[in-house]
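J.: following is a predicted model, sequence given first.
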Amino acid sequence: MYLRNAILAGLALAITGCTTTPTIPTNPLQARWGGKSAGTFFAAYGPPLSDTSASDGSTLYSWRGGYTKRRACQVELTVASDYSIRKIRTVVDHPDPKGGPTHCEKVLDAAS
C-alpha cells in the first residue's frame, strides 16, 4: 500500500512539473506588449540600442526613446525565438507627480 501511494505521489509531482502557468501581466507595459511582435514594437518606436543572445534562444533588446522635456524612456525586451515579446522591463522611467501613468507608459501606448 505504501509503495502504491509513493508511486502515485511521484506521478502527480511529475505531471505537475510538466504543466505551464499562464503569465499574468505585472505592469501596464507587460499587459500592452507581452506576446506581441517585437517587429511591431520596433516599427512603431524605432530600433533597439543593442541586443544580446541568451542560451535559451531568446534575445534581450535594450531600447531607448520618447525624449521629451529632458526625459527619456528605456526598456529591456526579452524576445523569444519566434520574435514575440515575452517580457518588458523598464530601466529608466519617470513617474507622474500627480499619480498618473509613467513617462514610459505614455510613450509606449500602455497608459490606461
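T.: That came in fine, so what should we check first? Fair warning: this is a prediction, and the values are worked out from it, not measured in the lab.
J.: and what about the residue nearest the centre of the chain, helix, strand or coil?
T.: Residue closest to the mean C-alpha point of the chain, counted by Cα atoms, centre = their mean, is Lys87 at 1.2 Å. Under DSSP: H, G, I helix; E, B strand; the rest coil, Lys87 falls in the strand class.
J.: now the strands for this structure?
T.: 50-53, 59-68, 71-79, 85-92 (DSSP state E).
J.: including distance to Ala44 and mean pLDDT, could those go into a markdown table?
T.: In this view, the C-beta of every residue, glycine as well, is placed from N, C-alpha and C. Below are the strands of the chain laid out as a markdown table (distance: least, Cβ to Cβ, whole Å; pLDDT from 0 to 100):
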| stretch | distance to Ala44 | mean pLDDT |
| --- | --- | --- |
| strand 50-53 | 18 | 96 |
| strand 59-68 | 10 | 95 |
| strand 71-79 | 13 | 96 |
| strand 85-92 | 12 | 96 |
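J.: just name the most buried of those strands.
T.: Compared across the strands of the chain, strand 71-79 shows the largest average neighbour count, a mean of 19 (mean count of other Cβ atoms under 10 Å).
J.: right, so of the strands of the chain, which gets closest to Ala31?
T.: Nearest to Ala31 among the strands of the chain is strand 85-92 (9.7 Å), distances taken as Cβ to Cβ.
J.: paired strands for the closest one, with orientation please.
T.: Applying DSSP bridges, strand 85-92 is found paired with strand 71-79 (antiparallel).
J.: what sits up against the strand it pairs with?
T.: Residues outside strand 71-79 that contact it (Cβ atoms under 8 Å, 6 or more residues apart in numbering): 29, 33, 38, 41, 48, 54, 58-66, 85-94, 103-104, 107-108.
J.: go again using 7 Å as the cut-off
T.: Surrounding strand 71-79, the residues in contact under the criterion Cβ atoms under 7 Å, 6 or more residues apart in numbering are 29, 38, 41, 58-66, 85-94, 103-104, 107-108.
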